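A.B. asks: output the structure for:
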Amino acid sequence: LKSGRVLPATWRYVSGPVELKEGWPYATLERSDGKREHRPVMFDGYGHFTNMKSAFKAFPRYAANIVQLEYGPRSVFPHEGKTEEFEADFSDYEKNFRPLIDSCRENDLALCLLLSPHYAPAWWLEKHPEVKTDSGFLKYNILHPEARKMMSAHIRNLVARLRELPHPEVIHSICLQNEPIYTPDWNDAYTRQAFKAYLTRKYGSADGLNLAAGTSDKAVNAEWIAFRKQVMDNWTKFLANEVKQAWPEIPVHSKIMIMNSTFADHAIDPETFALESDYNGNDNYGNWKEGGYVSDWLNIAAGDELQLSMKPVSVINAENHIIRDAEIRPIPNEHIYAANFMQHLTGASALVTWVWVDYAPERESQIVKDLRGNIALRPGNIIAQGKAQLDAMRLAPELLRFSRSESAVALLYSPTTLSFDPSGYKHALYRLY
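C.D. replies: Next up, the predicted model:
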């Protein structure tokens, strides 16, 4: 600086419309010298609960420009309607949630809104015991018509309310699902009947299945997996269509556990999710001193590149795990920077780091274990994330070109292999990387 050189200019997002160009967000940004320009934008911030509202004013000073919040069906329908089953009650929205949206805009924070279908109204579950099942966060069967009826009402009412905002462009995107999986009870009568109908359509009869599969349990299990993937695909398509009918321009995505569910018996196929999404949505992780590396880059690279190959649109990691839950070790700032910048290098345009929960040390015993030791308590890590954001924002045009460059190596993606040997497939992928 003494020799006359100047620091690199920084860019910041200013609340306003975000335009998707070939799957990459563009917005009007403000440079550190006051100049404004329409250019590619990188989003980095925090989630995921309303208790972080007190930090909203500080977030821009930490170079944070996006947050994720959730608003599920039980908040829109706290009780059964009097004349219709689903009658929206927006008293909580107006009192508690709308001010958060307004604060996002006032502090130049884009809002990634999670629909949270897993927050089903308690009265609805009691009224419809036939829909109950245990499938990850979801406690109801997405195959059942009552599930679609409930979520259709939620989306129709909530999205209409969001479009009435004075500045609806504060909504960056709508996240359809949180860590979706479909693992219904095999003994559930409704599911078994639907699976039987699926087999009949495919093979004509039980004899047709037996002729094709012989005595192979693996072949029958593969059909069960294919059936559940089809159900999940139809559910995702339904949610996306409902949102698009209510708000055609809003981008949608789902928070799939890309390096977990893809290689587990969760009925998740990133290819079908890509078809129903405007961003490649995921929940991914890269922790310190895991995976055989100082900073575990492998899941980040493999996950992002897998999704980009399914659809060449940018990634939003809406649950960015870069510090393990309940972590008690000091985490080097270099790891935080590397983990975030690596994702921007491999196609991510938005990262929402898990999780911002600020609390006094003496209150730790009162905090849910998974939320302890989070990034809000680690000032150096916050600065490191901010530096990665400033560099990614400055280099966004170059990062975009890097992500769009033609690959020199092609890998075969085989859903069939994933059905028969997901663990072997994942280990082979890891070895290659």
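
A.B. asks: and stretch 342-358, what's buried?
C.D. replies: Within stretch 342-358, the residues scored as buried using 16 or more other CB atoms under 10 Å are 342-357. (Each C-beta comes from the backbone N, C-alpha and C, glycine too.)

A.B. asks: over to stretch 52-67?
C.D. replies: So stretch 52-67, judged by 16+ other CB under 10 Å, has buried residues 52, 55-56, 59-60, 62-67.

A.B. asks: which of those lies closest to residue 94?
C.D. replies: The closest of the buried residues of stretch 52-67 to residue 94 turns out to be residue 56 (CB to CB; 18.4 Å).

A.B. asks: ok, residue 251 touching residue 276?
C.D. replies: No. Contact criterion CB atoms under 8 Å: residue 251 and residue 276 do not qualify, at 11.6 Å.

A.B. asks: ok, the buried residues of stretch 342-358 vs residue 167, which is closest?
C.D. replies: When the buried residues of stretch 342-358 are ranked by distance to residue 167 (CB to CB), residue 350 comes first, at 19.3 Å.

A.B. asks: for the stretch 51-200 of the chain, what spans make up the strands?
C.D. replies: 66-70, 110-114, 132-135, 138-140, 171-178 (DSSP state E, counting those that start in this stretch).

A.B. asks: mean pLDDT lowest for which of those?
C.D. replies: Out of these, strand 132-135 stands lowest, with a mean of 90 (criterion: mean pLDDT).

A.B. asks: elements contacting that strand?
C.D. replies: Applying 3 or more CB pairs under 8 Å, 6 or more residues apart in numbering; DSSP states H and E, we find strand 132-135 packed against strand 138-140.

A.B. asks: can you pull the contacts of residue 307?
C.D. replies: Neighbour list for residue 307: 258, 270, 274, 280, 282, 315, 347 [criterion: CB atoms under 8 Å, 6 or more residues apart in numbering].

A.B. asks: Three-state assignment for it, please.
C.D. replies: The local conformation at residue 307, judged by DSSP: H, G, I helix; E, B strand; the rest coil, is helix.

A.B. asks: how many neighbours does the nearest residue to it once chain neighbours are set aside have?
C.D. replies: Once flanking residues are discounted, residue 307 sits nearest to residue 280: 3.8 Å by CB to CB, 6 or more residues apart in numbering. Counted with other CB atoms under 10 Å, the neighbours of residue 280 add up to 30.

A.B. asks: what does residue 280 show for phi and psi?
C.D. replies: Here is the backbone geometry of residue 280 (degrees, to the nearest 10): phi -80, psi 100.

A.B. asks: show me what contacts it?
C.D. replies: 253, 270, 273-274, 304, 307-308, 310-311, 313-316, 347.

A.B. asks: distance from the lowest-mean-pLDDT helix or strand in the chain to the middle of the chain?
C.D. replies: When the helices and strands of the chain are scored by mean pLDDT, DSSP states H and E, helix 206-213 comes last with a mean of 76. In terms of CA atoms, centre = their mean, to the nearest Å, the centre of helix 206-213 is found 39 Å from the chain centre.

A.B. asks: and for stretch 262-282?
C.D. replies: For stretch 262-282, the distance to the chain centre is 10 Å (CA atoms, centre = their mean).

A.B. asks: which parts of it count as buried, going by neighbours?
C.D. replies: Using 16+ other CB under 10 Å as the test for burial, stretch 262-282 gives 262-274, 276-282.

A.B. asks: how about low-confidence regions in the stretch 151-300 of the chain?
C.D. replies: Scanning the stretch 151-300 of the chain for pLDDT under 70 picks out the ranges 206, 215-216.

A.B. asks: tell me where it has helices.
C.D. replies: Taking DSSP state H, counting those that start in this stretch as the criterion, the stretch 151-300 of the chain contains helices spanning 189-203, 206-213, 217-246, 270-275, 298-310.

A.B. asks: and residue 193, which of the strands of the stretch 51-200 of the chain is closest to it?
C.D. replies: Closest approach to residue 193 among the strands of the stretch 51-200 of the chain (CB to CB): strand 132-135, 14.1 Å.

A.B. asks: thanks again, I'm all set now.
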